[in-house]
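Trainee: only geometry, no sequence info:
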Ligand code: G4P
């Protein structure tokens, strides 16, 4: 196998999705521990706290008990190179999450055994489903009482509309949780006093009964065997193709907090999850093993390290090999450029990248040249992976700095934070006032917080009662319609006129009255 084939075939790039509190941080941490990427339990949380101390805006995260950032972590496990992309759980940050999900090849969905499929899981799942990404399910917190496995399978099928197939099956739950039975490997993994207490291979259910007699009560054993027989007979058989197409989800049980079930999950997952996938582009299908390097920017984050004021563009490599010092071309501008000091991210460090392959995520220092959705090509024969999903803002507010002396920092902060894509910046045509647009209210709160923490600017924010933004594609807005009681016109950062409407009714009325004006909810693509 060639170098590139070999490297690509050992890469797994995935995201973990869940409703807040289901155990995403815990599961991530246990995986990193297994991979030797961190040494002590609690590091990811501890790191979170350490970051809070240095990066004030994350304080907001802590205060609200939510995760608003997404990060990338790489580690090796049993010969595989794993890239985990973290996704923010809060619904106001779904846009960032959506883009992150465009950069992965599979997804791990964590469900809390007591809560089953929750609201945020449903939303995130839908994005994965629409993209046909393979989804693996980890049912967590088996050390607590929760829903019965069969009930959970039914919920997954009914609420999410995906077939499920249990790879392992819990033996009891809560105080009577005794471990899992691995249907694939035909082995019992015992759980005792909050940790794994051995493995036993068995021939059949009679032997399963015998083996469990001294461990679990008879009612638990009877229920387990009854369920297993039912699943064997009437359940969905594991179907690798259906999993690959995102039509079936393999289900695992465990207790992330004690790491129980995590190694088994990871081992099965690494065998079942797909390698970096091929991607469609303007020049046709791009294979990960193609010689020519390519990738796209799915996330930009300013002030990753507040001490250095750096901005990082996250690039998902889609094909070929990155080598230090290589030349690339930015598709949007057609310009040749060197990738500046690409970095890779580990649990508690970043390192300069010597080489990277399809599937990897590298962070590029961004002096302001990248935009979300940019394609980067390794040859002059440039092509595009197409736009990433954009969601029109639904919340608007006028802002200005409290202290006019801070104007310079204010402009810089607005520009840099807008580039991350979480907020849109507009200006009113005559007064040149700043209007911000965001998909969720929380983004405004974070924005105010970060402007203060990272740029030292206090903001005055005046919410506006608009809910809809439409770019003017064709036609001119007559003067008398520039600002009415139900709409106003602003300009986006490229001076393209955008109409803000209070509601759908106002928008429809405007369209009915002004048929010559064409409006669109997607900003036209720009050079
Ligand atoms: P998230 O990133 O999905 O939001 O969840 P996180 O891992 O932070 O876990 C949320 C809470 O659930 C944490 O408790 C965590 O310890 C707990 N937890 C995670 N996995 C398990 C499990 O398998 N069993 C049980 N019983 N609990 C689990 P916390 O009290 O919020 O935080 P902490 O003080 O324990 O760190």
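Mentor: Sure, I can see it. Being a predicted model, the structure only gives us computed values, none of them experimental. Numbering: from 1, shown residues only.

Trainee: does anything pack onto whichever strand or helix holds residue 450? Which helices or strands?
Mentor: Residue 450 is part of helix 441-455 when elements are defined by DSSP states H and E. Counting contacts by 3 or more C-beta pairs under 8 Å, 6 or more residues apart in numbering; DSSP states H and E, helix 441-455 packs against helix 57-64, strand 395-401, helix 407-419, strand 423-427, strand 434-438, strand 459-464. C-beta: built from backbone N, CA, C; applies to glycine.

Trainee: distance to the ligand and mean neighbour count for the ones you listed - can I get that in a markdown table?
Mentor: Formatted as a markdown table, those follow (distance: least, C-beta to the nearest ligand atom, whole Å; neighbours: other C-beta atoms under 10 Å):
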| stretch | distance to the ligand | mean neighbour count |
| --- | --- | --- |
| helix 57-64 | 11 | 17 |
| strand 395-401 | 25 | 20 |
| helix 407-419 | 25 | 18 |
| strand 423-427 | 24 | 20 |
| strand 434-438 | 23 | 23 |
| strand 459-464 | 29 | 15 |
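
Trainee: nearest to residue 202, of these?
Mentor: Comparing those against residue 202 with C-beta to C-beta, the closest turns out to be helix 57-64 (45.9 Å).

Trainee: next helix or strand past that closest one?
Mentor: Downstream of helix 57-64 (by DSSP H and E), the next one is strand 72-77.

Trainee: and the next helix or strand after that following strand, what does it pack onto?
Mentor: Where DSSP H and E defines the elements, the next helix or strand beyond strand 72-77 is strand 80-86. Other helices and strands packing on strand 80-86, by 3+ C-beta pairs under 8 Å, 6+ apart, are strand 11-18, helix 24-34, strand 72-77.

Trainee: between these, which gets nearest to residue 292?
Mentor: strand 11-18 (17.7 Å).

Trainee: my read: residue 260 touches residue 198, true?
Mentor: No. Counting by C-beta atoms under 8 Å, residue 260 sits too far from residue 198 to count as a contact (12.0 Å).

Trainee: so what's residue 407 up against?
Mentor: residue 401 (C-beta atoms under 8 Å, 6 or more residues apart in numbering).

Trainee: give me the pLDDT for it.
Mentor: pLDDT, residue 407: 92.

Trainee: doesn't residue 382 lie inside a helix?
Mentor: No. Under DSSP: H, G, I helix; E, B strand; the rest coil, residue 382 sits outside any helix and is assigned coil.

Trainee: tell me which residues touch it, please.
Mentor: For residue 382, counting by C-beta under 8 Å, 6+ apart, the contacting residues are 329, 331, 334, 375.

Trainee: near the ligand, which residues of the stretch 51-200 of the chain are found?
Mentor: 89, 140, 141, 143, 144 (C-beta under 6 Å from any ligand atom).

Trainee: by neighbours, which of the residues you listed wins?
Mentor: Most neighbours among these, by other C-beta atoms under 10 Å: residue 140, with 28 neighbours.

Trainee: what is the least confident helix or strand in the chain?
Mentor: None of the helices or strands of the chain scores lower by mean pLDDT, DSSP states H and E than helix 43-54, at a mean of 43.

Trainee: wait, residue 140 sits on residue 256?
Mentor: Yes. If you go by C-beta under 8 Å, residue 140 and residue 256 touch, sitting 5.2 Å apart.

Trainee: so for the two, which residues contact both of them?
Mentor: In contact with both residue 140 and residue 256: 23, 26, 27, 110, using C-beta under 8 Å, 6+ apart.

Trainee: tell me the pLDDT of residue 140.
Mentor: pLDDT, read off for residue 140, is 98.

Trainee: which one is residue 467 nearest to, not counting chain neighbours?
Mentor: Closest residue in space to residue 467, ignoring its immediate chain neighbours: residue 394 at 5.3 Å, by C-beta to C-beta, 6 or more residues apart in numbering.

Trainee: do residue 84 as well
Mentor: residue 73 (4.9 Å).

Trainee: and residue 370, by the same measure?
Mentor: residue 313 is the one closest to residue 370 (C-beta to C-beta, 6+ apart), at 4.0 Å.

Trainee: can you count the residues close to that neighbour?
Mentor: Neighbour tally, residue 313, other C-beta under 10 Å: 27.

Trainee: what does residue 81 give?
Mentor: 19.

Trainee: can you tell me the closest non-neighbouring residue to residue 493?
Mentor: residue 425 (5.6 Å).

Trainee: how about residue 502?
Mentor: residue 486 (5.0 Å).

Trainee: enumerate every residue touching the one you found.
Mentor: 501, 502, 503, 506, 509, 510.

Trainee: give me that answer again for 7 Å
Mentor: 501, 502, 506 (C-beta atoms under 7 Å, 6 or more residues apart in numbering).

Trainee: so what does it look like in phi/psi?
Mentor: Phi and psi for residue 486, reported as degrees, to the nearest 10, are phi -120, psi -10.

Trainee: before we move on, back to that, take the residues of the stretch 51-200 of the chain next to the ligand and keep only those in strands.
Mentor: Among these, the members found in strands (DSSP state E) are residue 140.

Trainee: from the residues of the stretch 51-200 of the chain next to the ligand, pick the one nearest residue 214.
Mentor: residue 143 (20.3 Å).

Trainee: from what I see, that closest one and residue 255 are in contact.
Mentor: Yes. Residue 143 lies in contact with residue 255 (C-beta atoms under 7 Å); the separation is 4.4 Å.

Trainee: of all the helices and strands packed on helix 441-455, which one is nearest residue 99?
Mentor: helix 407-419 (13.6 Å).

Trainee: what angle do the closest one and strand 395-401 make?
Mentor: 150 degrees (axes from the mean of the first three to the mean of the last three C-alpha atoms, to 10 degrees).

Trainee: chain center to helix 407-419: distance?
Mentor: Offset of helix 407-419 from its chain centre (C-alpha atoms, centre = their mean, to the nearest Å): 26 Å.

Trainee: go on, stretch 443-463?
Mentor: 25 Å.

Trainee: for that stretch, give the mean pLDDT please.
Mentor: 90.

Trainee: quick check: buried residues in it?
Mentor: 443-455, 457, 459 (16 or more other C-beta atoms under 10 Å).

Trainee: distance of the residue nearest to residue 502 relative to residue 505?
Mentor: Shown here: residue 486 relative to residue 505, a distance of 9 Å by C-beta to C-beta, to the nearest Å.

Trainee: again with residue 279
Mentor: For residue 279, the distance to residue 505 - C-beta to C-beta - is 40 Å.

Trainee: before we move on, what about residue 315?
Mentor: 43 Å.

Trainee: neighbour-wise, which of these two wins?
Mentor: Neighbour totals were compared for residue 315 and residue 505, and residue 315 leads with 28 against 10 (other C-beta under 10 Å).

Trainee: got a list of what the more buried one touches?
Mentor: Applying C-beta under 7 Å, 6+ apart, the residues near residue 315 are 295, 296, 297, 361, 362, 364, 376.

Trainee: count the residues that sit near the first one.
Mentor: Spelled out, that is residue 295. For residue 295, using other C-beta under 10 Å, the count is 30.

Trainee: among the residues of the stretch 51-200 of the chain next to the ligand, find me the one that's closest to the ligand.
Mentor: In terms of C-beta to the nearest ligand atom, no member of those lies closer to the ligand than residue 141, at 3.9 Å.
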